[in-house]
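K.L.:
The sequence and its predicted three-dimensional model are supplied below.
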Amino acid sequence: MNDHLMETLSAFTDGEPVNPESLAKALADEDARDALLDFALIRAMAADDAAQPEDAHSSERWPQSPARRFHAGRRVAAAAAAVLLVGLGLSIGVWLEGRDAVSRHGPAALPAATREVRFTEGVDWFRKS
């Protein structure tokens, strides 16, 4: 099969205008007919691949049913409730820690002295002039 036949079939598959005599010669060749089938198969696969992502995510093709919208709303509400509970827990924890800090450092929280330590000047410590 020569390259001119392949170019003719490729142009025909792409929808370009071709010489009818060249197309007839290409279709008469068995190898060229096999190539035409390959061109058509590749073109169909490319068309399916190009359309698939757009169609799969299209809201027109997959409209949300009321049940899906309801479940989506429940997920949003559950996430909002979880965030609210975490924030509330942190706020209560900070508030309780603040109250505990006051009770630990307030006058009532100091322990009673059990012994007294005395240092003698000149023996235990020295003054610098």
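P.N.:
Now that the structure is in, tell me what you want to look at. A quick note: this is a predicted structure, and the numbers were derived from the prediction, not measured.

K.L.:
From now on I want contacts and neighbour counts done on CA atoms only, so please keep to that.
P.N.:
OK.

K.L.:
For stretch 12-28, which residues meet the burial criterion?
P.N.:
Phe12, Leu23, Ala26, Leu27 (16 or more other C-alpha atoms under 10 Å).

K.L.:
which ones among those residues are found in helices?
P.N.:
Counting by DSSP state H, the buried residues of stretch 12-28 place Phe12, Leu23, Ala26, Leu27 in helices.

K.L.:
lowest average confidence, helix or strand, in this protein?
P.N.:
helix 30-56 (a mean of 73; mean pLDDT, DSSP states H and E).

K.L.:
just checking, what packs against it?
P.N.:
Here helix 30-56 touches helix 3-13, helix 20-28, going by 3 or more C-alpha pairs under 8 Å, 6 or more residues apart in numbering; DSSP states H and E.

K.L.:
Let me have the ones you listed in CSV, extended by mean pLDDT and distance to Asp38.
P.N.:
Listed next are these as CSV, based on pLDDT from 0 to 100; distance: least, C-alpha to C-alpha, whole Å:
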stretch, mean pLDDT, distance to Asp38
helix 3-13, 82, 10
helix 20-28, 85, 14
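
K.L.:
domain ranges for this protein?
P.N.:
1-63, 64-105 (automatic domain parsing).

K.L.:
So which of these is nearest Glu116?
P.N.:
domain 64-105 (21.4 Å; C-alpha to C-alpha).

K.L.:
Thanks a lot, see you next time.
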